[in-house]
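Colleague: Kindly return the folded structure for what I paste below:
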Amino acid sequence: MSFLAPTEQDHGNIPLPWFSLLLAGLLGIGYALFGAAPVDLVWNRSEIIAGDNGRWLTGHLVHTDSYHLLWNIGAYLILGIALESRFNVGLKRQIALILISTTLINAKLLWARPDLDLYAGFSGVLNAYFTLLLFSLWRLHRHPATIMACIGLIMKSSFEITTQSSILGIDLWPPVPEAHLAGAAAGLFFAFLWPIGVAQPSPTRVKAVKSQEHV
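Modeller: From the prediction side, this is the model:
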């Protein structure tokens, strides 16, 4: 999307997306350490009901296989870097977004999917990032591509609900579109709860850039 690309006035001003790079690395390290779908960390209904509260979060940070992991890390890097670099959604706001989205996803899974015993993956949270980015881009640019992306998200969710298969071909475990929809709702909720604007360069960086322009 061209409206995500840096403009000429952004040259040297866009902050580095440190948190997005860090979290992507931690997801990869976690997979290297614990492997695919570690039984002690996945979202497990019976264990959660029994009081294993750590799974409320860890279930969203582990993955079923390397393909699942790489797909989610790739998508997260695109969304996280876009939000952090262009809209200043850094450490505090991303942690808040993750906590809000995992809370809504957990509630949705417990309420709407009583048949679901196990769940793993960051894809539900990614839908929160996706809708937050779309909302932010629409508010800033009113670009029709954001509407098309929203329609695509609805069509993807409808396909998964109807067919009970993943449009991305990740079928080790059945898809859980309810988690994706809850994540998308969390992104919209966050957008209204904590409005975001375009990232602004630090005064030091602005001064440095101006000095370079006068050289």
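
Colleague: From now on I want contacts and neighbour counts done on CA atoms only, so please keep to that.
Modeller: OK.

Colleague: So what touches the strand or helix carrying residue 158?
Modeller: Assigned by DSSP states H and E, residue 158 falls within helix 144-163. For helix 144-163, contacts defined as Cα atoms under 8 Å, 6 or more residues apart in numbering pick out 1, 131, 134-135, 137-138, 165-167, 175-177, 180-181.

Colleague: again, only using 10 Å
Modeller: Contacts to helix 144-163, defined as Cα atoms under 10 Å, 6 or more residues apart in numbering, come from residues 1, 3, 127, 130-131, 133-139, 164-168, 174-178, 180-181, 184.

Colleague: what does the model give the residue nearest in space to the middle of the chain for pLDDT?
Modeller: Most central in the chain under Cα atoms, centre = their mean is residue 126, positioned 2.7 Å from the mean C-alpha point. Each residue has a pLDDT score; the one for residue 126 is 96.

Colleague: What of the one 4 residues further on?
Modeller: pLDDT recorded at residue 130 is 95.

Colleague: Tell me where this protein has strands.
Modeller: 43-44, 118-119 (DSSP state E).

Colleague: mind listing what the first one pairs with, with the direction of each?
Modeller: Read it as strand 43-44. strand 118-119 (antiparallel) (DSSP bridges).

Colleague: hmm, back to that, got a list of what the closest residue to the residue nearest to the centre of the chain other than its chain neighbours touches?
Modeller: In space, and not counting its chain neighbours, residue 126 is closest to residue 76: 6.4 Å by Cα to Cα, 6 or more residues apart in numbering. Each residue near residue 76 by Cα under 10 Å, 6+ apart is listed here: 20-21, 23-24, 70, 82, 122-123, 125-127, 129-130.

Colleague: okay, the residues you listed in CSV with distance to residue 100 next?
Modeller: Below are the contacts of residue 76 laid out as CSV (distance: Cα to Cα, whole Å):
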residue, distance to residue 100
20, 17
21, 21
23, 17
24, 19
70, 24
82, 20
122, 13
123, 14
125, 9
126, 12
127, 12
129, 11
130, 14
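
Colleague: buried subset of those?
Modeller: When the contacts of residue 76 are checked for burial by 16 or more other Cα atoms under 10 Å, the buried set is 20, 23-24, 82, 122-123, 125-127, 129-130.

Colleague: Could you report the pLDDT at residue 157?
Modeller: 80.

Colleague: again with the one 5 residues further on
Modeller: According to the model's per-residue confidence, residue 162 sits at a pLDDT of 82.

Colleague: how many neighbours does residue 55 have?
Modeller: By other Cα atoms under 10 Å, 21 other residues sit near residue 55.

Colleague: meant to ask about residue 48, not that
Modeller: 14.

Colleague: Restricting to C-alpha, output stretch 78-93 in PDB.
Modeller: C-alpha atoms of stretch 78-93 as PDB (Å, rounded to 0.1, in the frame of the first residue of the first chain):
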ATOM      1  CA  ILE A  78       4.100  -6.200   8.700                       C
ATOM      2  CA  LEU A  79       1.400  -5.000  11.000                       C
ATOM      3  CA  GLY A  80       3.500  -4.200  14.100                       C
ATOM      4  CA  ILE A  81       6.100  -2.300  12.200                       C
ATOM      5  CA  ALA A  82       3.400  -0.300  10.300                       C
ATOM      6  CA  LEU A  83       1.700   0.600  13.600                       C
ATOM      7  CA  GLU A  84       4.800   1.300  15.500                       C
ATOM      8  CA  SER A  85       6.600   3.300  12.800                       C
ATOM      9  CA  ARG A  86       3.700   5.200  11.300                       C
ATOM     10  CA  PHE A  87       1.300   5.500  14.300                       C
ATOM     11  CA  ASN A  88       3.500   5.400  17.400                       C
ATOM     12  CA  VAL A  89       2.000   2.200  18.700                       C
ATOM     13  CA  GLY A  90       5.000   1.200  20.700                       C
ATOM     14  CA  LEU A  91       5.600  -0.900  23.900                       C
ATOM     15  CA  LYS A  92       2.800   0.400  26.100                       C
ATOM     16  CA  ARG A  93       0.200   0.500  23.500                       C
END
